[in-house]
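Q: Fold the following, please.
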Amino acid sequence: MMNIYHVIALILPYSAGYKGARILNTLYALELGADPFAIGVLLAMYAVFPLILAVYAGRASDRYGARVPLLAGMAVMSFGISLPFAVPSLAALFVSAVVTGLGFIFVQVSTQALTGSLGTGEARTRNFNIYVLAVATADFAGPVLAGLMIDFAGHVRTYAILALLAAVSTVGVAILFRRFPRAKQHAEDRSAHRMADLLRDTGLRRVFIAGAVVFAALDLFQLYMPLYGHSVGLSASAIGLVLGAFAFATFVVRAMITWLVRRFGEEPTLVASMFAAAASCVLIPFFTNVWVLAAIAFAFGLGLGLGQPLSVMLTYNYSPAGRAGEALGLRIAVNNVVHVAVPVAFGAAGALVGLAPVFFAKSALLVLGAHASRRKAA
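A: Now for the predicted structure:
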């Protein structure tokens, strides 16, 4: 039967390819002459289908199990990432982002629901911990690999390499297809399920709010750190190093997540991490040295790295029986409302007032989100 290490083997290649492709799209769009507003729109394109289909993807995972959505989603992602290799143009980057986002939503919901289904209690916490460490590893490897390959092979060839990583995961799902657990059948009438029921749940609503703020901050960092690095003359490899420092920090802090939760509790740890991320983010516009920026990105990652795994764990734990995938999908839908609106709004602001105020605004957003979550948790 499937175990968490099978899941990790599937996650690492596709996730590294996906995270690398997002950075690659930003840098290639800059190379093709896109301005900050266009880059913000480009990043928002990844969220079009996740916003529309997240809840449906969760319900499909609940009803049919993870294996079919996972296989189809990874195949679509492989195709989406490869598009700019076949058609190297700015328009193709937008199409690539939309198609890749379509595949990604089915992959993400399915892998999270699958991870949660492989154990209960402490075993589930351990599995989620291993899962987020694998994602953090891919978050580090993808941008660093993309930066190095851009400098050595060029933007266009790098798309082919990253698409190949996603294809490896697709083949892996096909090989392990029979090992996937089947969906549990529930006797209740699913037609009576309403998304509003999940939104009325106090615990879930609190997690959705905190998770959306963290997601917005992460999105803005992934958008504006490459823009800022490019504006101060950093090479693609240097930008990849800074982003890799952030990802490495998320790996470090996620390795400590079990101890932190046991010592302080899940929600207090989440709020404290948001304050810590805000404190480091505000420093970015004052420095241009790659090593200083990498150190700041590392500190930012220590704060922000806990937000996503804690919100995933809390969502799964608070979800009603038989609706974990739907709740996880709704969490992603809420995040992607932010994913569409925030990059476009901040991209327009960046084009008008410059990059430094955007980092200050991002820090303020984290502080406000932490305060709101803390009041709700009280």
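Q: Any stretches of the stretch 1-150 of the chain with poor pLDDT?
A: 121 (pLDDT under 70).
Q: one more time with 90
A: Scanning the stretch 1-150 of the chain for pLDDT under 90 picks out 1-4, 22-23, 26-27, 30-31, 33-69, 105, 108-144, 146-148, 150.
Q: Going along the chain, name the helices of it.
A: 4-31, 36-45, 48-64, 67-86, 90-117, 121-153 (DSSP state H, counting those that start in this stretch).
Q: I'd like the next helix or strand past the longest one.
A: When you say that, I think you mean helix 121-153. Next along the chain after helix 121-153, taking DSSP states H and E as the criterion, comes helix 155-175.
Q: give me the number of residues near the residue lying closest to residue 176 once chain neighbours are set aside?
A: Nearest residue to residue 176, sequence neighbours excluded (Cβ to Cβ, 6 or more residues apart in numbering): residue 6, at 5.7 Å. C-beta here means a position set from N, CA and C on the backbone, and glycine is covered the same way. As a burial measure, residue 6 scores 18 neighbours (other Cβ atoms under 10 Å).
Q: got it, and residue 129?
A: Neighbour tally, residue 129, other Cβ under 10 Å: 19.
Q: One more: residue 205?
A: Neighbours of residue 205 under the rule other Cβ under 10 Å: 15.
Q: For the residue nearest to residue 176, give its distance to residue 313.
A: Computed as Cβ to Cβ, to the nearest Å, the residue 6 to residue 313 distance reads 20 Å.
Q: how far away is the closest residue to residue 135 other than its chain neighbours from residue 110?
A: Using Cβ to Cβ, 6+ apart and skipping residues adjacent in sequence, the residue nearest residue 135 is residue 15, 5.9 Å away. According to Cβ to Cβ, residue 15 and residue 110 sit 13 Å apart.
Q: looking at it, residue 327 is touching residue 55, isn't it?
A: No: assessed by Cβ atoms under 8 Å, residue 327 is found out of contact with residue 55, at 9.2 Å.
Q: hang on, the earlier thing: looking at residue 15 and residue 110, which is more packed in?
A: In this view residue 15 and residue 110 are compared by other Cβ under 10 Å, and residue 110 has more residues nearby, 30 against 26.
Q: In contact with the more buried one, which residues?
A: If a contact means Cβ atoms under 8 Å, 6 or more residues apart in numbering, then residue 110 has 57, 61, 66, 67, 69, 70, 73, 325 as its contacts.
Q: Tabulate those residues (a markdown table), appending distance to residue 21 and neighbour count.
A: Formatted as a markdown table, those follow (distance: Cβ to Cβ, whole Å; neighbours: other Cβ atoms under 10 Å):
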| residue | distance to residue 21 | neighbour count |
| --- | --- | --- |
| 57 | 20 | 29 |
| 61 | 24 | 28 |
| 66 | 23 | 29 |
| 67 | 24 | 22 |
| 69 | 20 | 24 |
| 70 | 19 | 30 |
| 73 | 15 | 27 |
| 325 | 25 | 30 |
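Q: want to try JSON lines for these, with distance to residue 261 as columns?
A: As requested, those are arranged in JSON lines below (distance: Cβ to Cβ, whole Å):
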{"residue": "57", "distance to residue 261": "27"}
{"residue": "61", "distance to residue 261": "25"}
{"residue": "66", "distance to residue 261": "25"}
{"residue": "67", "distance to residue 261": "30"}
{"residue": "69", "distance to residue 261": "29"}
{"residue": "70", "distance to residue 261": "28"}
{"residue": "73", "distance to residue 261": "30"}
{"residue": "325", "distance to residue 261": "23"}
